[in-house]
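**Student:** Show me how the following folds:
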Amino acid sequence: MIYRALGNTGLRVSQVSFGCIRFDGLDQPRVTQLVKRAIDGGINYFDTARAYGSSEVYLGQALRELGARDRVILSSKVIRRDLDAFKQDFETTMRNLQTDYLDILFLHDVSTRKNWDRLISQGTLDYALELKKQGRIGHLAISTHDGAMGEMMIRTGHFEIAMLAYNPIGRDVEQTLLPLCTQLGLGVVIMKPLGGGVLSEARSAQLGFSVTAKECLEFAVSNPHVSCIIPGMDKPEYVDTALQVGAQQAVYTDAMRDALTARISLQGKNYCRGCGYCLPCVKNIPIPTVLALLNRSEAFGGLDWSQTHQIAQEYTQTVARDRLPEQCIACGACVTRCPYNLPIPQLMKEAAVKLRRYD
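**Tutor:** Model prediction:
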């Protein structure tokens with residue numbers, strides 16, 4: 001495994017690390033096995049979040065069973081903006097992870113000015129900085145999907161690490177935030193190196209193009225401004241691919257990056273990148289969640305029963321009955337905010353017909 005400096009934090013992280021977003025769909029024995037496989041292979045950084053269902057609980061227990069807490073770099077993310085709620089969620093995170101010290105705390109998905117203003121006005125940012133002074137967290141970090149907000153927050157000097165989305169179909173940060181982080185000494189953690197899961201062998205084939213997960217991981221990790229990438233993994237074979245990429249010095253020229261991007265065609269696919277700019281919905285429909293499930297449903301075309309079952313299960317668990325896509329009133333507010341001009345009301349109608357539930 002190759003290790004890299006995480007900006008100026010003094011930490012060195014495995015260049016391919018572990019995103020634990022998919023743990024919520026597993027059970028404790030399988031999570032423990034995956035974590036052990038990763039640690040044995042040299043992965044030393046694990047990222048989770050308060051918003052990832054049971055992920056923190058499973059990860060905390062796995063590290064306890066393996067006696068590995070002191071051997072890994074551990075991060076989690078809190079998305080609540082109001083101070084009291086943030087405090088409660090932070091304490092829950094610490095209990096779930098069975099630790100009294102968090103190496104990295106991310107302020108989760110701060111992608112709008114409104115969210116940033118609430119963090120300031122409520123004293124939540126000040127509290128997070130105080131946690132660092134108290135030694136309860138080692139480093140304060142920010143995650144965002146918005147370039148302008150990202151630049152503003154990175155330049156404040158409050159944060160030592162930025163989590164950014166970067167993959168062959170999402171290269172906006174390539175010439176902007178990535179070099180800025182290097183310039184200012186911030187570590188860079190890359191989320192969504194597989195485009196939210198669509199850039200894999202099976203799903204790309206269903207969408208009409210061919211790309212491998214290995215290629216996309218190499219694409220992201222080879223960028224010289226990247227400290228590490230955190231693909232979400234819920235199967236042993238995914239961990240093995242990550243370990244293979246992590247042990248090699250991947251080299252991608254600009255021409256190679258352009259060539260890989262050119263092979264991926266999502267035109268006409270109405271593919272949601274999950275940026276969340278469409279929100280809030282006046283009917284409280286979780287639009288990115290619904291569209292992600294619709295994308296997966298269409299990608300597999302009903303040919304993979306296990307995926308069809310998992311999609312239906314996730315739909316039932318994550319989208320409340322009073323927030324279903326059929327509640328859409330086609331007001332169009334989401335369309336005006338979508339940077340990819342997706343016909344979201346039309347897609348909500350399609351989702352209402354195509355997505356199955358178990359309730």
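**Student:** Am I right that Phe106 is in a strand?
**Tutor:** Yes - using DSSP: H, G, I helix; E, B strand; the rest coil, the assignment for Phe106 is a strand.
**Student:** For it, give me its contacts.
**Tutor:** By C-beta atoms under 8 Å, 6 or more residues apart in numbering, Phe106 lies in contact with Ala49, Ser75, Ser76, Lys77, Val78, Ala141, Ile142, Ser143, Ile161, Met163. The way it works is simple: take the backbone N, C-alpha and C, and place the C-beta from them, glycine included.
**Student:** let's see it at 6 Å
**Tutor:** Residues in contact with Phe106 (C-beta atoms under 6 Å, 6 or more residues apart in numbering) are Lys77, Ala141, Ser143.
**Student:** so what's the second one up against?
**Tutor:** If I follow you right, that is Ala141. Applying C-beta under 6 Å, 6+ apart, we find Ala141 in contact with Ile104, Phe106, Phe159, Ile161.
**Student:** Going by distance to Asp359, which of those wins?
**Tutor:** Asp359 lies nearest to Phe106 out of the contacts of Ala141, by C-beta to C-beta, at 32.9 Å.
**Student:** which strand residues sit across from the spatially most central residue of the chain in the sheet?
**Tutor:** The geometric centre of the chain, computed from its C-alpha atoms, lies nearest to Met191 (C-alpha atoms, centre = their mean), at 4.5 Å. On the basis of DSSP bridges, Met191 is bridged to Ala165.
**Student:** biggest separation within the contacts of Ala141, which pair?
**Tutor:** Maximum pairwise distance in the contacts of Ala141, criterion C-beta to C-beta, is 10.3 Å, between Ile104 and Phe159.
**Student:** so where's the stretch 51-200 of the chain shaky on pLDDT?
**Tutor:** Scanning the stretch 51-200 of the chain for pLDDT under 70 picks out the ranges 198.
**Student:** now with 90?
**Tutor:** The stretch 51-200 of the chain contains residues with pLDDT under 90 at 51, 53, 109, 111-112, 114, 145-147, 165, 169-172, 192, 194-200.
**Student:** Tell me where it has helices.
**Tutor:** Secondary structure of the stretch 51-200 of the chain, counting by DSSP state H, counting those that start in this stretch: helices at 55-66, 83-96, 113-121, 124-134, 147-155, 177-184.
**Student:** Now these in TSV, please, with extra columns for mean neighbour count and distance to Arg296.
**Tutor:** Formatted as TSV, the helices of the stretch 51-200 of the chain follow (neighbours: other C-beta atoms under 10 Å; distance: least, C-beta to C-beta, whole Å):
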stretch	mean neighbour count	distance to Arg296
helix 55-66	21	19
helix 83-96	16	27
helix 113-121	15	27
helix 124-134	15	34
helix 147-155	17	26
helix 177-184	18	28
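**Student:** any chance of the ones you listed in CSV, with distance to Met256 too?
**Tutor:** Rendered in CSV, the data for the helices of the stretch 51-200 of the chain read as follows (distance: least, C-beta to C-beta, whole Å):
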stretch, distance to Met256
helix 55-66, 34
helix 83-96, 39
helix 113-121, 36
helix 124-134, 39
helix 147-155, 24
helix 177-184, 17
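**Student:** And these: which comes nearest Tyr315?
**Tutor:** Nearest of the helices of the stretch 51-200 of the chain to Tyr315, taken as C-beta to C-beta: helix 55-66 at 18.9 Å.
**Student:** just how off-centre is the closest one within its chain?
**Tutor:** Centroid displacement of helix 55-66 relative to its chain, using C-alpha atoms, centre = their mean, to the nearest Å, is 19 Å.
**Student:** Then stretch 79-88?
**Tutor:** Mean C-alpha position of stretch 79-88 versus that of the full chain (C-alpha atoms, centre = their mean) differs by 20 Å.
**Student:** Alpha carbons only: can I get it in CSV?
**Tutor:** What follows is stretch 79-88, C-alpha atoms only, in CSV (Å, rounded to 0.1, in the frame of the first residue of the first chain):
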residue,chain,number,x,y,z
ILE,A,79,-24.7,17.2,9.0
ARG,A,80,-26.8,19.1,11.6
ARG,A,81,-26.4,22.8,11.5
ASP,A,82,-28.0,24.0,14.7
LEU,A,83,-25.8,23.9,17.7
ASP,A,84,-27.8,21.7,20.1
ALA,A,85,-28.6,19.2,17.4
PHE,A,86,-24.9,19.1,16.3
LYS,A,87,-23.8,18.5,19.9
GLN,A,88,-26.2,15.6,20.2
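**Student:** can you put the contacts of Ala141 in JSON lines and add distance to Val282?
**Tutor:** Listed next are the contacts of Ala141 as JSON lines, based on distance: C-beta to C-beta, whole Å:
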{"residue": "Ile104", "distance to Val282": "36"}
{"residue": "Phe106", "distance to Val282": "29"}
{"residue": "Phe159", "distance to Val282": "33"}
{"residue": "Ile161", "distance to Val282": "35"}
